[in-house]
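Trainee: sequence first, predicted model second:
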Amino acid sequence: MSKKRKHTNQPLKSNGNKKDPGRKSKAKSSLKKEEIWSFKNVSFNNFIPLLIALIFFSILWFRPLDIKITDPWYEGIALIDSANKVTEKELKNLLLDEAGEKLSEQVRKHPYHARVHYLYGYYWLQRQNWDSVIYHEREAIRIGAGGVVEQVEFKAQEMLNYAIGKKVNPLINSGNNEEALKVLEYATTKNMNNPEIDRSKGIIYLRKGDNDRALGCFLRYEKSQPNNVLNLTNIGLSYMRKNNLDSARFYINRAIKLDPNHNRAKQLNAQLNPQNQ
Amino acid sequence: MKKFSFSKIPLEYYFLVIGLYFGLQLVFTNPPWHTNDEDRHFYNAWRFAHGQFKPTVENKKSGYMIPPKLYNQARSSQGIRFDEKTKINKNTFDVQKRVKYNARDAEYHKIPLINKLPVGFIPHIIGIKIGEVFKKNPLTVHWWARSFGLFTFLLIVFFAIKTIPVFKNVMMLVALAPMSLYQASSVTYDMLCNATTFLIIAYVVKWIYQENSISRKDLLLFFGAFLILIFSKSGYYVVPFLALMVPSQKFGFSYPKIKLILILVFITFIPDLTWQQYIKSLHLPGSGAFQNDFAFGLKKSIMYHLQDIPTLISNLALNVLSQGKDWIIGCIGRFGYSYIPLPNVWIFAYVIILFVIAAIDHNVDFKLTLSQRGISALIMLASVGALLAAFYFSFTPIGAKAIFGAQGRYFIPILPLILLQVIGTVSISGKKYLSLATVLISIVFLYQTISFLDETFYHAN
């Protein structure tokens, strides 16, 4: 332990304080009862920093003000959650309108935040505006992919896949292949997994008679969905059209094994093996 | 036979014994690589121990060469939830201890924190080198690294408590607070940062107290401590300016305050002028974005917030009010990446004890003038403000209201400074048993902490 300073009643020059040990007790004794809690009381003055510290600590610990701080983009999401909880249509729309205003403002202010695009895409999902969902989720992936933590790209891709399906399937079903293809080309995101795009593109190419491209798409889709009967049937059909009958039989057989009642597979099987009929 | 007198043994020796006993328990009770970012800190310490000062670049990403067996063992320890169902069985350590790595069989790994300085890891590097002499096993070497971190912390804080003439009990209680000792017995540069900040504060209090001029040796040690602090972790630049509380005449040279400010500012920039220049000269591609869902950036963030200063101030205040309790809990005892806190009642009690001891742990010779109290309060507020501002501007998404990433453990270095604000606020006689109380409080709380961690992290069998 360092050398102890000798206790002395002499004033300390070092810190500039004139010290009089008797001063405090004299001051105290000369105080009236009502002056104990006044600023005239030296002990009370000394006590003020501790009092402030304890009050401040109590405010932080017991949280009497109950302050919750929310980022503006999460305020928008909270409104969407509220909208999803109410059954009254008008109120639901009002809440969604407010959420949309908040989130669109945030996207305008912070176009560099991938998460905000992702959340705004979620808003458009509620509105079933698939073009906007595709645009914002694509932006979220473009800006935000590649982080080690708080990855946004995978959830954004999930939402994007859903929106692509909703947008493209009606177009394909109504024979609007060119429009559907445009949407699919636009929605394709680099380095991300979206088998649905391959599946849809395969169907369009198959309808257009581009069997090579269709086959490529269906085979890529097969890697993520190896037991999808319709896709196996489509692969079989593509091979059949390319006159590669052995491969066609192989895939059709696989499809029938998985679902013996699949009509399209059964039809193709009949065409491939007429002697069995 | 001489009668044992408790008060005859200086407090720093009690600190050393208690710190060593419970610190070593923490080394082994805290699950391997469980402290925040400890895996990455360990990789960094390991690569420095093996002379890898220059990062390796592969596929346009910076990283390091780490033996796969070491990397995999550390990695397998991550992400455990530590709830009722997921705990560790201590027997798994026996299996892990059988693994041996070969330092030459290293593989490239993309690891963040590539620009970290080696100074903060020196004690751990020594631990790793010594550990490897015995057995090149990841777990064993990790425990050695932790232990050497602990020894260094205890040594520096021992010296700090020895140096500080008053406020010893507070210094000991802060250093032995569960979270502080937990950090000290982990592989992290926070250990050196916390210890050196305590030492800096101890010197300032000593200089205020002493009648004589400040010795050259003291000044050199003070600047040396700041240099180590600044090379260990950035963000605590303001604390050494506490020396402005010391009356000018004690420095023994002309214009002391101006010179002091200039020297401290110069030291602040030394890492930028040396190590960071070296890293910049390597033109490294970076190790990829750690978090990419939001945009971050000091300049952009400052520019954004300067457009609306009243909102900025209100946001900072609201953050203190809404996150303050979490920061207090994190400062006293919230452990590792699983963020498991000590029970609230223990934390509350520890904070109250700290305030009470800080208020009474002084003597009649130590009195601060109003201006000294003012400087101290200003430095404290500036330190807290700088810390919060750093997180708000650098680690919080641009435009967000809630400060992101600020954790209670970051307040440990400035905790003595916060408590210094209440020094001498209560005058009581009969402080004969204060040291005894401090020792008992430390033992009780650390015993409780070890039991709590053991129960939380491990299966009963």
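Mentor: Looks like it arrived, so ask away. Remember, it's a predicted structure, so these values are computed and weren't measured experimentally. Numbers count the residues shown, from 1 in each chain, chains lettered A, B, ... in the order given.

Trainee: now do the residue of the stretch 151-277 of chain A found nearest chain B against residue B:395, distance only.
Mentor: Across the stretch 151-277 of chain A, the shortest distance to chain B (Cβ to the nearest Cβ) belongs to residue A:152, at 3.9 Å. From N, CA and C alone the C-beta is placed, and that goes for glycine too. Using Cβ to Cβ, to the nearest Å, one obtains 17 Å as the distance from residue A:152 to residue B:395.

Trainee: out of these two, which sits in the more crowded spot?
Mentor: Comparing residue A:152 with residue B:395 by neighbour count (other Cβ atoms under 10 Å in any protein chain shown), the higher total belongs to residue A:152, at 25 against 15.

Trainee: find the nearest non-adjacent residue to that one, please.
Mentor: Distance criterion Cβ to Cβ, 6 or more residues apart in numbering or on different chains; nearest residue to residue A:152, sequence neighbours excluded, is residue B:293 at 3.9 Å.

Trainee: repeat that for residue B:207.
Mentor: With sequence-adjacent residues excluded and distances taken as Cβ to Cβ, 6+ apart, residue B:207 is closest to residue B:246, at 4.5 Å.

Trainee: for the helix or strand containing residue A:58, which residues meet the burial criterion?
Mentor: When secondary structure is defined using DSSP states H and E, the element that contains residue A:58 is helix A:42-62. Neighbour-count burial for helix A:42-62 flags A:42, A:44, A:46, A:47, A:49, A:50, A:53, A:54, A:57, A:60, A:61 (criterion: 16 or more other Cβ atoms under 10 Å in any protein chain shown).

Trainee: now do stretch A:215-229
Mentor: Neighbour-count burial for stretch A:215-229 [16+ other Cβ under 10 Å]: A:215, A:216, A:217, A:218, A:221, A:222, A:228, A:229.

Trainee: check stretch A:128-136 too.
Mentor: For stretch A:128-136, the buried set under the neighbour-count rule, 16+ other Cβ under 10 Å, comprises A:129, A:130, A:132, A:133, A:134, A:135, A:136.

Trainee: ok now it, how far from the chain's centre?
Mentor: On the basis of Cα atoms, centre = their mean, to the nearest Å, stretch A:128-136 sits 15 Å off its chain's mean C-alpha point.

Trainee: other residues contacting that stretch?
Mentor: Outside of stretch A:128-136, the residues that reach it under the criterion Cβ atoms under 8 Å, 6 or more residues apart in numbering or on different chains are A:107, A:117-118, A:120-121, A:124-125, A:159-160, A:162-164, A:166-167, A:183, A:186-187.

Trainee: do that again at 7 Å, thanks
Mentor: Outside of stretch A:128-136, the residues within contact range by Cβ atoms under 7 Å, 6 or more residues apart in numbering or on different chains are A:117, A:120, A:121, A:124, A:125, A:159, A:160, A:163, A:164, A:166, A:167, A:187.

Trainee: can I get it as PDB, trimmed to CA atoms?
Mentor: Coordinates of each C-alpha in stretch A:128-136 appear next as PDB, following Å, rounded to 0.1, in the frame of the first residue of the first chain:
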ATOM      1  CA  GLN A 128     -51.900  -7.900 -53.200                       C
ATOM      2  CA  ASN A 129     -50.000  -5.500 -55.500                       C
ATOM      3  CA  TRP A 130     -47.600  -8.100 -56.900                       C
ATOM      4  CA  ASP A 131     -45.600  -5.800 -59.100                       C
ATOM      5  CA  SER A 132     -44.700  -3.600 -56.100                       C
ATOM      6  CA  VAL A 133     -43.900  -6.700 -54.000                       C
ATOM      7  CA  ILE A 134     -41.600  -7.900 -56.800                       C
ATOM      8  CA  TYR A 135     -39.900  -4.500 -57.100                       C
ATOM      9  CA  HIS A 136     -39.200  -3.900 -53.400                       C
END
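
Trainee: just the mean pLDDT for that stretch, thanks.
Mentor: Throughout stretch A:128-136, pLDDT has a mean value of 97.

Trainee: swap in stretch B:285-295?
Mentor: 82.

Trainee: between the two ends of it, what distance do you get?
Mentor: Counting by Cα to Cα, to the nearest Å, you get 19 Å between the two ends of stretch B:285-295.
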